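Student: Make a model of this:
(one chain, ligands or ions: 1)
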Amino acid sequence: MPVFDHPEFDHHQQVVHGCDEASGLRAIIAIHDTRRGPALGGLRIYPYADEAEALTDVLRLSRGMTYKSALADLPLGGGKAVIIADPRRDKTPELLRAMGRLVDSLSGRYITAEDSGSSEADMRVIAEATDHVGGLGHAGRSGDPSPFTAHGVFCALRSAVRHGLGREDLAGLRVAVQGVGHVGAHLARRLHAAGARLVLTDVDRDALARLGEELEAEIVRPEAIVDAEVDVFAPCAMGAALSAEVVERLKARVVCGAANNQLASPEIADRLHARGILYTPDYVANAGGVIEIAWQRRPDYRREAVMAHIEGIGATLDEIFARAAREGRSPAPVADDLARERFRPTP
Ligand code: NAD
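Tutor: Now for the predicted structure:
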């Protein structure tokens, strides 16, 4: 399987395949860039159809982490790991320890953390074999990053609303939240507390109904959320929520949510721009969790300092939106340019 010629390769520094016969481990660790610091990125455990699919995913995700850490102003680079396995069936302590040994063999160039298919409990097992694990919690508190991610998305949304709709106040703002899982539910509560009117959806009907009642929100079917008459659309479910068809249907003038890889393809950013919809680059908006994980590595961890750092997402977006407006471009390529300026040495 060609790695150097892979369409997602983009100058990765190192790609490591790891195998452990006894536990059945088949894993890939991708280190995109370590110029700002060690490569931090989650471990995804997923039953990929084949190795090629796993390689594409890990390369794309690892590069994204370099951009995310650079714009979150963290002393970290970008990396990611995948295990080709079904997390419900194949995830054994032996498999996780073997993964820990693979992470350890990179001597700290890659730091792992939880991602889809892996939990905080799994990280504790991996930590039996390596010190290079983030997101284990701090001072007895849970390592769940989602409240921090939601705080960052809330700050991002305020910036996007200021630039896209010219308003400071969220009272009466209509927001559609797609997916009310860990991050989406926190975000919806924050928006409700700020006086926003919510339209919510999820494929999990029970959790949705409970939250809808609590927040006096309108509930719609998953396929109807993109047609909601709202000011802001907040994708907080899966990736690729924004396709060409969805962009044509959106009523919202602002898109800002937690989901990773919201654009089904890069040119969707231009379609949003052409329709006058302000798109908030996803990896900037959803960096709150990684910011908190990075702070857990510091001896001077303070919750107020973490929250202040996360609030900096708003200022970064103010800069991105202002530059995008000046240059008449979508904020997505402007964010990419700004990130590259931060991780590539100036000539
Ligand atoms: P989660 O699994 O807790 O929540 C996702 C929710 O979306 C679930 O309730 C699920 O039922 C729902 N959903 C799935 N498909 C849907 C569909 N078609 N329509 C409507 N709802 C649907 O995940 P999460 O931790 O809340 O993360 C949400 C998104 O944010 C993911 O894309 C994740 O990669 C991204 N993200 C999360 C964090 C974090 O700290 N958890 C950090 C960065 C990015």
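Student: What distance do you get for the residue nearest to the spatial centre of the chain to G41?
Tutor: Nearest to the mean C-alpha position of the chain, by Cα atoms, centre = their mean, lies N260 at 4.3 Å. Distance of N260 to G41, computed by Cβ to Cβ, to the nearest Å: 11 Å. For glycine as for every other residue, the C-beta is placed from the backbone atoms N, C-alpha and C.
Student: Now for these two: what residues contact both?
Tutor: Listed contacts common to N260 and G41 are L61; contacts here mean Cβ atoms under 8 Å, 6 or more residues apart in numbering.
Student: picking up where we left off before, sec struct for the residue nearest to the centre of the chain, please.
Tutor: N260 falls in the coil class when you classify it by DSSP: H, G, I helix; E, B strand; the rest coil.
Student: Which residue is the nearest non-sequential neighbour of it?
Tutor: G239 (5.5 Å; Cβ to Cβ, 6 or more residues apart in numbering).
Student: Helix, strand, or coil at that neighbour?
Tutor: Going by three-state DSSP: G239 is coil.
Student: Over to I29?
Tutor: strand.
Student: so it touches V103, yeah?
Tutor: Yes: in this structure, I29 is within contact of V103 by Cβ atoms under 8 Å, at 7.1 Å.
Student: Need the residues touching each of the two.
Tutor: A81, Y110.
Student: and the stretch of helix or strand M307 belongs to, is it in reach of the ligand?
Tutor: Using DSSP states H and E, M307 falls within helix 303-327. No: residues of helix 303-327 are not located near the ligand by Cβ under 6 Å from any ligand atom, the shortest gap being 11.5 Å.
Student: Can you name the residues in contact with that helix?
Tutor: 71-73, 148, 151-152, 155-156, 158-160, 162-164, 278, 280-281, 284-285, 287-288, 291-292, 295, 330-331, 334-335, 338.
Student: Can you point out the buried residues in that helix?
Tutor: Residues of helix 303-327 classed as buried by neighbour count (16 or more other Cβ atoms under 10 Å): 306-307, 309-314, 316-317, 320-321, 324.
Student: Touching, the residue nearest to N260 and A258? I think so.
Tutor: No: counting by Cβ under 8 Å, G239 stays clear of A258, with 11.1 Å between them.
Student: Now L96: closest residue in space that isn't a chain neighbour?
Tutor: V125 (4.2 Å).
Student: And G42, by the same measure?
Tutor: Residue nearest to G42 in three dimensions, not counting chain neighbours: D115, with 2.7 Å by Cβ to Cβ, 6+ apart.
Student: OK, contacts around that neighbour?
Tutor: Counted by Cβ under 8 Å, 6+ apart, D115 has contacts G41, G42, L43, R44, K80.
Student: Near the residue in the chain that the ligand sits nearest to, how many other residues are there?
Tutor: The ligand sits closest to G181 of the chain, with a gap of 1.8 Å, by Cβ to the nearest ligand atom. G181 has 15 neighbouring residues, counting by other Cβ atoms under 10 Å.
Student: And T346, what's its pLDDT?
Tutor: Looking at T346, its pLDDT stands at 53.
Student: With G239 instead?
Tutor: In this model, G239 is scored at 89, pLDDT.
Student: got it, and D50?
Tutor: We have a pLDDT of 96 for D50.
Student: re earlier: surely the residue nearest to the centre of the chain is in contact with A285?
Tutor: No: between N260 and A285 there is no contact under Cβ under 8 Å: 10.2 Å.
Student: My read is that M1 contacts E53, right?
Tutor: No: contact criterion Cβ under 8 Å: M1 and E53 do not qualify, at 10.8 Å.
Student: These two: which is more packed in?
Tutor: Neighbours were counted for M1 and for E53 using other Cβ under 10 Å; E53 has more, 14 against 10.
Student: Can you pull the phi/psi pair for P87?
Tutor: Here is the backbone geometry of P87 (degrees, to the nearest 10): phi -60, psi -30.
Student: try L250
Tutor: The phi and psi values for L250, taken as degrees, to the nearest 10, are phi -60, psi 140.
Student: Tally up the residues packed near it, please.
Tutor: L250: 20 neighbours (other Cβ under 10 Å).
Student: Pull the contacting residues for it.
Tutor: Here L250 is in contact with V226, F233, R275, I277 (Cβ under 8 Å, 6+ apart).
Student: Distance of it relative to I45?
Tutor: L250 is 33 Å from I45, by Cβ to Cβ.
Student: cool, and G143?
Tutor: According to Cβ to Cβ, G143 and I45 sit 17 Å apart.
Student: Check S105 too.
Tutor: Per Cβ to Cβ, S105 is found 19 Å from I45.
Student: So between the two, which is more surrounded?
Tutor: Just comparing S105 and I45: by other Cβ under 10 Å the higher neighbour count belongs to I45, 26 against 14.
Student: Just list whatever residues bridge to the more buried one.
Tutor: I83 (DSSP bridges).
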